[in-house]
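Peer 1: Here you go, sequence then predicted model.
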Amino acid sequence: MGLAKRIIPCLDVDAGRVVKGVNFVGIRDAGDPVEIAKRYNQQGADEITFLDITASHENRGTTVEMVERIAGEVFIPLTVGGGIRSCDDIRTMLNAGADKVSINTAAVTNPGFVREATERFGSQCIVVAIDAKRVSAEGEAPRWEIFTHGGRRPTGLDAVEWAKTMVEYGAGELLLTSMDRDGTKAGFDLGVTRAISDAVSVPVIASGGVGNLDHLVAGVIDGGADAVLAASIFHFGEYSIPDAKRYMADHGIEMRL
Amino acid sequence: MTIAVIDYGMGNLHSVAKALEHVTHENVVVTRDPRRINGATRLVLPGQGAIRDCMGELERSEVKGLVLELLAKAEKPLLGICVGQQMLLDDSEENGGVACLGFLPGRVRRFPVDMLDSHGNRLKVPHMGWNQVAQHQPHPLWEGIDAGERFYFVHSYYVDVSDDTTLFGTTDYGHTQAHVATGRGPVFATQFHPEKSSAAGLRLLENFVNWAP
């Protein structure tokens, strides 16, 4: 009995529509984020994350409107990420009804922004997204580095040290994505998940690479993650959120069922 | 009939207002105007972030005196949420010690940092996510809500009341028992976020809207 580990479906949104659409059992969804969010809520999702994948200036208004519509109907925590670069961006999203924002590239280019944001809005609503890639060779002590621009641009920053720095700067939560695993369905990079989870005091969300329910279990038990984020395994109806929760609970993980 | 969400500059008031609008046809306003707060039939006191900032903003917004007066009169139902619960206590350990409103006897304390879960993993602070709430004693706001129901939390400090009659709900995190639902008279306050706790949270808000203490 106690705090449940969380399952967070992630929706990639472009110009107010969920990219790729979502195929719930028997129902093909054209990609309306509000309908999809409502259905994930009904299925028992613990939170919902929206990633504005283009995050262009022109699209910002559409994203804000989408967040407003969802926040009026879905009463679980909503995190919005993608293109969050200023305190004005954060205020806009929180006023629209987001509960947290996820800061990615802007944290790397201007770490002071994370401190400013947490001092202004509180740590509870600032998630720092960390995109890590393994850079050590086979047989070497494992080492991971922070990459930006979808994993294309190295920064020279050690991922574990960077995670600790972001928590010192006030981040309330870390969203850790393995760039090596993202989209592979080979499972989380448990090494970096464990290393960062052990190194910081705040909750860590594992992301990148989920292909089956055992991967979710491993993320929590072996990786030490507090929450697991996945997109495609839920979107295309391979597994439902209740399936995943039941499976994790059967493996001894505290879940909200 | 108006529900006023007190806007003193701290906290995400939109979520609370939207959730209230979802459960009632009554007028929901987000306001710092003393006349509107005075004229409302029930009040919500939210709060997020550091307690020193919340108490400071409450003072600066000139709403503090009014809130103290309304608490002393004990006529209108008031729902405190998150730091809005913590501010009702005598004081908090946060920010090196902060005096609060003194409506409920007790203190706000920090979770210890060395807690482990059943897998031997470190228990994180903030306590973030869905945890179970044991109903310490009956209350109209628990109507239709199961014992042990899960609600959504995000906090690093927790309430510890010294008067058992003011305690309505508890949550265990590690070896710490947090007093997550407290109240007295027409005042009820939760550490968890009912506005983010799906069906159970909406039910609690609906109970608040229908509460006639």
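Peer 2: Received the coordinates, thanks. Numbers count the residues shown, from 1 in each chain, chains lettered A, B, ... in the order given.
Peer 1: Quick check, the residue in chain B closest to chain A?
Peer 2: With C-beta to the nearest C-beta, the shortest gap between chain B and chain A falls at residue B:49, namely 3.2 Å. (C-beta placed from N, C-alpha, C; glycine too.)
Peer 1: Report pLDDT for that residue.
Peer 2: Among the per-residue scores, residue B:49 shows a pLDDT of 84.
Peer 1: The one 4 residues further on too?
Peer 2: Residue B:53 is assigned a pLDDT of 89 by the prediction.
Peer 1: Quick one: residues contacting residue B:81.
Peer 2: With contact taken as C-beta atoms under 8 Å, 6 or more residues apart in numbering or on different chains, residue B:81 is in contact with B:16, B:44, B:45, B:46, B:47, B:189, B:190, B:193, B:194, B:195.
Peer 1: coming back round to it: just give the number of residues close to the spatially closest residue to the residue of chain B closest to chain A that is not a sequence neighbour.
Peer 2: Spatial nearest neighbour of residue B:49, excluding adjacent residues (C-beta to C-beta, 6 or more residues apart in numbering or on different chains): residue A:122 at 3.2 Å. Burial measure for residue A:122: 22 neighbouring residues, criterion other C-beta atoms under 10 Å in any protein chain shown.
Peer 1: okay, the closest residue to residue A:30 other than its chain neighbours: pLDDT?
Peer 2: Excluding its sequence neighbours, the residue lying closest to residue A:30 (C-beta to C-beta, 6+ apart) is residue A:21, at 6.1 Å. Note for residue A:21: predicted pLDDT of 70.
Peer 1: quick one: residue A:21 from chain B, how far?
Peer 2: 25 Å (C-beta to the nearest C-beta, to the nearest Å).
Peer 1: Unless I'm misreading it, that residue sits right up against residue A:27, doesn't it?
Peer 2: No: using C-beta atoms under 8 Å, residue A:21 makes no contact with residue A:27, being 10.6 Å away.
Peer 1: Quick check on those two: which one has the bigger neighbour count.
Peer 2: residue A:21 (14 against 10).
Peer 1: Run through the strands of the chain in chain order.
Peer 2: You didn't say which chain, so I picked chain A. Here chain A has its strands, by DSSP state E, at A:6-14, A:17-18, A:22-24, A:27-29, A:48-52, A:78-81, A:100-103, A:126-134, A:144-148, A:153-158, A:173-178, A:204-207, A:227-230.
Peer 1: actually it's chain B I care about, not the one you picked
Peer 2: Using DSSP E, strands in chain B cover B:2-6, B:27-31, B:42-45, B:78-81, B:91-92, B:98-99, B:106-110, B:127-132, B:134-135, B:150-155, B:157-161, B:167-173, B:176-184, B:187-190.
Peer 1: Paired strands for the last one, with orientation please.
Peer 2: If I follow you right, that is strand B:187-190. strand B:78-81 (parallel), strand B:176-184 (antiparallel) (DSSP bridges).
Peer 1: just checking, which of the ones you listed sits deepest inside the structure?
Peer 2: Ranked by mean neighbour count, the strands paired with strand B:187-190 are led by strand B:78-81 with a mean of 28 (mean count of other C-beta atoms under 10 Å in any protein chain shown).
Peer 1: Distance-wise, check residue A:208 relative to chain B.
Peer 2: 20 Å.
Peer 1: just to revisit the earlier point, may I see the strands paired with strand B:187-190 organised as TSV, with mean pLDDT added?
Peer 2: Supplementary listing: the strands paired with strand B:187-190 in TSV, determined by pLDDT from 0 to 100:
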stretch	mean pLDDT
strand B:78-81	98
strand B:176-184	97
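Peer 1: Turn those strands into TSV, columns for distance to residue B:137.
Peer 2: As requested, these are exported to TSV (distance: least, C-beta to C-beta, whole Å):
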stretch	distance to residue B:137
strand B:78-81	18
strand B:176-184	10
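Peer 1: what's near enough to touch the nearest residue to residue A:234 once chain neighbours are set aside?
Peer 2: Among residues not flanking residue A:234 along the chain, residue A:9 sits closest, at 4.8 Å (C-beta to C-beta, 6+ apart). Listed by C-beta under 8 Å, 6+ apart, the contact set of residue A:9 reads A:40, A:45, A:48, A:49, A:229, A:230, A:231, A:234, A:235, A:241.
Peer 1: List the contacts of the third one.
Peer 2: Think residue A:48. A:8-11, A:37, A:40-41, A:70, A:74, A:76-79.
Peer 1: Just give me the neighbour total for residue 204.
Peer 2: Defaulting to chain A. Count around residue A:204 with other C-beta under 10 Å applied: 25.
Peer 1: oops, I was thinking of chain B
Peer 2: 28.
Peer 1: Tell me who's in contact with the residue nearest to it when sequence neighbours are not counted.
Peer 2: Computed as C-beta to C-beta, 6+ apart, the closest residue to residue B:204 that is not its neighbour in sequence is residue B:194, at 4.4 Å. Counting by C-beta under 8 Å, 6+ apart, residue B:194 touches B:19, B:81, B:151, B:200, B:201, B:202, B:204, B:205.
Peer 1: Save the residues you listed as CSV, and put in distance to residue A:225 too.
Peer 2: Rendered in CSV, the data for these read as follows (distance: C-beta to C-beta, whole Å):
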residue, distance to residue A:225
B:19, 29
B:81, 28
B:151, 22
B:200, 25
B:201, 25
B:202, 29
B:204, 29
B:205, 31
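Peer 1: Which residues of the stretch 51-200 of chain A lie near chain B?
Peer 2: Within the stretch 51-200 of chain A, the residues that sit near chain B (C-beta under 8 Å from any C-beta of the partner chain) are A:71-73, A:75-77, A:94-97, A:99, A:121-125, A:172-173, A:197-198.
Peer 1: from those, which would you call buried?
Peer 2: When those are checked for burial by 16 or more other C-beta atoms under 10 Å in any protein chain shown, the buried set is A:71, A:75-77, A:94, A:96-97, A:99, A:121-125, A:172-173, A:197.
Peer 1: hmm, back to that, now the two most distant members of the contacts of residue B:194.
Peer 2: Longest distance between any two of these is 14.4 Å, between B:81 and B:200; criterion C-beta to C-beta.
Peer 1: Which residues are in contact with the residue nearest to residue B:192 when sequence neighbours are not counted?
Peer 2: In space, and not counting its chain neighbours, residue B:192 is closest to residue B:151: 3.7 Å by C-beta to C-beta, 6+ apart. Neighbouring residues of residue B:151 by C-beta under 8 Å, 6+ apart: B:130, B:131, B:133, B:180, B:190, B:192, B:193, B:194, B:197, B:200, B:201.
Peer 1: Cool, thanks, signing off.
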